[in-house]
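> Fold the following for me, if possible:
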Amino acid sequence: MACMASSADRGSAESHRYFLSRRTVLEMLQDRGYDVVHHANLASSLNEFRSRFGQKPNPQTLGFRVSHLCHPSNTVVVQVVFTGTDAIKKGTVTEIYSQIVDRQNLKGLILVVQSNMTPYARKDLENSPFKVEMFQINDLLVNITKHVLQPKYEVLTEDEKKALLTKYSLEDKQLPFMLKGDAIARYYGYEKGQVIKITHSGPLVESCITYRCVV
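Purely as a prediction, here's the structure:
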């Protein structure tokens, strides 16, 4: 019992949730090809996170912006914003926009939310000139791609997609579907029309390749 007590987390559950969700977002953006290594240390421990942000982190201090590795001139930038526990209203969206430093180069906005959103706020976000993605904080506490049984996902280039469809005399709508709202599709930021190569391999599964079209 003493051993178990010594290993128990004595910090706040709130800071733990923010630590896990922020780490998953950083891993997600790294998997999408963004330069997060120079922005934050993915190996940072929970204690280091609490030392930096405290036991009751201010959500506004957790946000960050990163550029894509293929565009080092910062022409493709994504900004991450953590919202608080209050309902997200039209005024909240205005406040979120005020946190954006450079809208000209912003290609995407990722919101980590914890509460409901009003229809007016949702409409404002849908009309944004950049892509807006929303994730519930509870969905980010675990990185679903880290599971040992998860296959490998790769987006085919347009040439690869054309070659695949030509080889099997198919149209993309004849391929098995992957919904854009699927958890994996949302993690990698897949878009409609993309064809995903899925490689299954491991100690429990023989090597197998399948394809899905995002709809």
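
> Identify, by residue count, the longest helix of the protein.
helix 13-31 (DSSP state H).

> Packing partners of the very next helix or strand once past that one?
Using DSSP states H and E, the helix or strand that follows helix 13-31 in sequence is helix 46-53. With contacts defined as 3 or more C-beta pairs under 8 Å, 6 or more residues apart in numbering; DSSP states H and E, the packing partners of helix 46-53 are helix 13-31. Bear in mind the C-beta positions are built from the backbone N, C-alpha and C, glycine included.

> Show residues contacting the helix it packs on.
9, 36-37, 39-40, 42, 44, 46, 49-50, 53-57, 59, 62, 66, 78, 80, 82, 110, 112, 135, 137, 140-143, 145, 187-188 (C-beta atoms under 8 Å, 6 or more residues apart in numbering).

> Quick one: work out the angle between the longest helix of the chain and helix 46-53.
For helix 13-31 against helix 46-53, the angle between stretch directions is 100 degrees (axes from the mean of the first three to the mean of the last three C-alpha atoms, to 10 degrees).

> how many neighbours does residue 198 have?
The local packing of residue 198 (other C-beta atoms under 10 Å) involves 17 other residues.

> So which bits of the helix or strand where it lies are buried?
Applying DSSP H and E as the criterion places residue 198 in strand 195-202. Within strand 195-202, the residues that qualify as buried by neighbour count (16 or more other C-beta atoms under 10 Å) are 195, 196, 197, 198.

> And stretch 177-195, by the same measure?
Result for stretch 177-195 [16+ other C-beta under 10 Å]: buried residues 178, 184, 185, 186, 187, 188, 189, 190, 194, 195.

> Ignoring the adjacent residues along the chain, who's closest to the first one?
Counting by C-beta to C-beta, 6 or more residues apart in numbering, residue 178 lies nearest to residue 212, which is 3.8 Å off, once chain neighbours are set aside.

> Contacts only, for the one you found.
Applying C-beta under 8 Å, 6+ apart, one finds that residue 212 lies in contact with 175, 176, 177, 178, 195, 196, 198.

> Which residue ranges make up the domains of the protein?
Dividing the chain into domains by automatic domain parsing, as the record does, gives the ranges 12-143, 147-214.

> and those domains, which is most packed in?
Relative to the other members of these, domain 12-143 carries the highest mean neighbour count by mean count of other C-beta atoms under 10 Å, namely a mean of 16.

> Tell me which stretches of this structure form strands.
Along the chain, the segments classed as strands by DSSP state E run 64-67, 77-82, 106-113, 131-136, 152-155, 177-178, 195-202, 205-214.
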